[in-house]
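Asker: sequence and computational prediction follow.
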Amino acid sequence: MVTVNSYGATQEVTGSCHLLEIDGIKILVDCGMFQGEEESFNERPFTFNPADIDYLFITHAHLDHVGRIPKLVREGFRGKVYTTQATMDLAYIVLLDSVKIMNEDFATKYKKAARRDEISTLQKPLYEPLDVQNTFTILEWVNPEYDKFYDLCEGISFSFKNAGHILGAAFIEFFYMDEGKSHSVIFSGDIGNSNGLVLLKLANAKRAETLFIESTYGDREHRPIEETLSEFKETILSTLQAGGVVMIPSFAIERTQEILCILKDMYNNSLLPHTKIFLDSPMASKATDVYTNHLHHLNYKCQESYKEDGNVFDFEALVYTLSAEESKAINEIESNAIIIAGSGMCNGGRITHHFKHRIWNDKNSVIFVGYQAVGTIGREIVDGAEWINLYGEDIIVKAKVHTINGFSAHADRSGMLTWMKKIEGLEKVFIIHGEKEAQKSFKESIESELSLPAEIVEYAKEIVL
């Protein structure tokens, strides 16, 4: 008997966690953190026993796909972990940053709770730094390469294919025997946008009977990349020419590297006025180093850039601000600056400090270049909030707000459908990773345009393959 139970990313975008069981072998695909409105779900106990999991497969290193792995280890998981080397390298950075933020938030809440004599009601961090270290030291990690076939155990094999989403991202094909017949199932992870500026393109999946597919942008089409780049550059230039500061909340992985490539190109072609560009994210700086270390996964343009000047992303106007003191010093700059900072959804990190100092000034601009989950400050601003609350203070939003979705690292509706059309023998489609309305729309598209039955996956509902 072959079954799948999903314990996250069911009618929501985040919290990826899918349990594939084949004749008693338990394979967990991702173990991500819930974000936005579902953040409290992270505190729930696992619906399964972590100690019973034989293998953990990781599609990529975004927090909503890896963020609960230390909790899994803390509660007894001791199986093997399978993921690409690049994903492993990025996951280490992501999880160290995650536990740092959690413990800093806890320390702040502890002080406030102590003053109210409410320490006993305080929720402890999801995991500790030791749990992150244990994740990478006591577990056995295996790093498959793209496009190769591997035997997992008797009767089960797998292959990782380039998902074109972020560095190291993969969709995973599982092959197994059931009642004497060979079958296959694909878990998409996040499928990449063909307009990506840094990575090699999404690979094709040749054949599978069953597909678990993300649906983040299943109800919409991205703007052409040419229009996206044009608007981005025009916004940068108009803000700088008016003496303002551009703030870009950016995800540390993939989006930041794309933005750096665009700005480097503008600088090298003398398209930028005199300005300083701050990468104000230690995590993004470390991730950028990982990208450079995996040059073979980057596209031709990035590889040529490396050959020409010995790096892919650096240029003279770029300043890396690693310490808190360096970050605070940016506040002294009143004009002609670009600040790239996390977190990407503005639910913490240094970008919120820059908002506090600058979002009330109508000379400045905020450029959103990534998805903003419901329940985050980023989503509030994108939805037109006139005021936001930061650090207990209500702050008016007067800066110009620009949402440029064409940069998305996710495929759009037509991109996913085009990818799916090339899968031979596809019989069943299960929809995960998306807001409810996007999933409903995507289900209709799959059924009408591909003539395939599609089901929106429900939390913990057993699916028999």
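Answerer: Done, it's in.
Asker: residue ranges with poor pLDDT in this structure?
Answerer: Within the chain, no stretch has pLDDT under 70.
Asker: can you tell me the centre-most residue of it?
Answerer: Per CA atoms, centre = their mean, the C-alpha nearest to the average position across the chain is that of His62, at 3.6 Å.
Asker: tell me where this protein has helices.
Answerer: Assigned by DSSP state H, the helices in the chain fall at 63-66, 69-74, 85-115, 129-137, 225-241, 255-268, 282-293, 300-309, 324-329, 350-358, 377-382, 413-421, 436-449.
Asker: winner for burial among these?
Answerer: The highest mean neighbour count among the helices of the chain, using mean count of other CB atoms under 10 Å, belongs to helix 63-66: a mean of 27. Every C-beta, even on glycine, is put in place using the N, C-alpha and C of the backbone.
Asker: that one - contacts with which helices or strands?
Answerer: Counting contacts by 3 or more CB pairs under 8 Å, 6 or more residues apart in numbering; DSSP states H and E, helix 63-66 packs against helix 85-115.
Asker: what about the helix it packs on, distance to the chain center?
Answerer: Its chain's C-alpha centre and that of helix 85-115 lie 16 Å apart, by CA atoms, centre = their mean, to the nearest Å.
Asker: can you check stretch 314-332 too?
Answerer: So, by CA atoms, centre = their mean, the centroid of stretch 314-332 is 24 Å from its chain's centroid.
Asker: before we move on, back to that, closest one to Leu19 among the helices of the chain?
Answerer: helix 69-74 (11.6 Å; CB to CB).
Asker: just the C-alphas of that closest one, formatted as CSV.
Answerer: The C-alpha trace of helix 69-74 is given here as CSV (Å, rounded to 0.1, in the frame of the first residue of the first chain):
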residue,chain,number,x,y,z
ILE,A,69,13.8,20.2,10.7
PRO,A,70,15.6,21.0,14.0
LYS,A,71,12.3,20.4,15.8
LEU,A,72,12.0,17.1,14.0
VAL,A,73,15.5,16.1,15.2
ARG,A,74,14.8,17.4,18.7
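Asker: can you tell me what sits against that helix?
Answerer: Contacts with helix 69-74, where a contact means CB atoms under 8 Å, 6 or more residues apart in numbering, come from 28, 31, 42, 46, 50, 53, 56, 58, 91, 95, 99, 126-128, 131-132, 134-135, 138-139.
Asker: do stretch 173-184 as well
Answerer: 1-2, 20, 22-23, 27, 149, 155-159, 161, 185-187, 205, 207-210, 465.
Asker: buried ones only from those, please, as a ChimeraX command.
Answerer: Buried residues within those, by 16 or more other CB atoms under 10 Å, are selected in ChimeraX with:
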select :2,20,22,27,156,157,158,159,161,185,186,187,205,208,209,210,465
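Asker: any idea how far whichever strand in the chain runs longest is from the middle of the chain?
Answerer: Longest strand of the chain, by residue count under DSSP state E: strand 170-178. When distances are taken as CA atoms, centre = their mean, strand 170-178 is centred 23 Å away from the chain's centroid.
Asker: next, the angle from that strand to helix 85-115.
Answerer: Relative orientation of strand 170-178 and helix 85-115, computed by axes from the mean of the first three to the mean of the last three CA atoms, to 10 degrees: 110 degrees.
Asker: between helix 413-421 and strand 170-178, find me the angle.
Answerer: For strand 170-178 against helix 413-421, the angle between stretch directions is 40 degrees (the same axes, to 10 degrees).
Asker: sorry, back to before: now tabulate the helices of the chain in TSV and tack on distance to Val366.
Answerer: As requested, those are exported to TSV (distance: least, CB to CB, whole Å):
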stretch	distance to Val366
helix 63-66	22
helix 69-74	32
helix 85-115	21
helix 129-137	32
helix 225-241	10
helix 255-268	14
helix 282-293	17
helix 300-309	27
helix 324-329	17
helix 350-358	8
helix 377-382	7
helix 413-421	27
helix 436-449	24
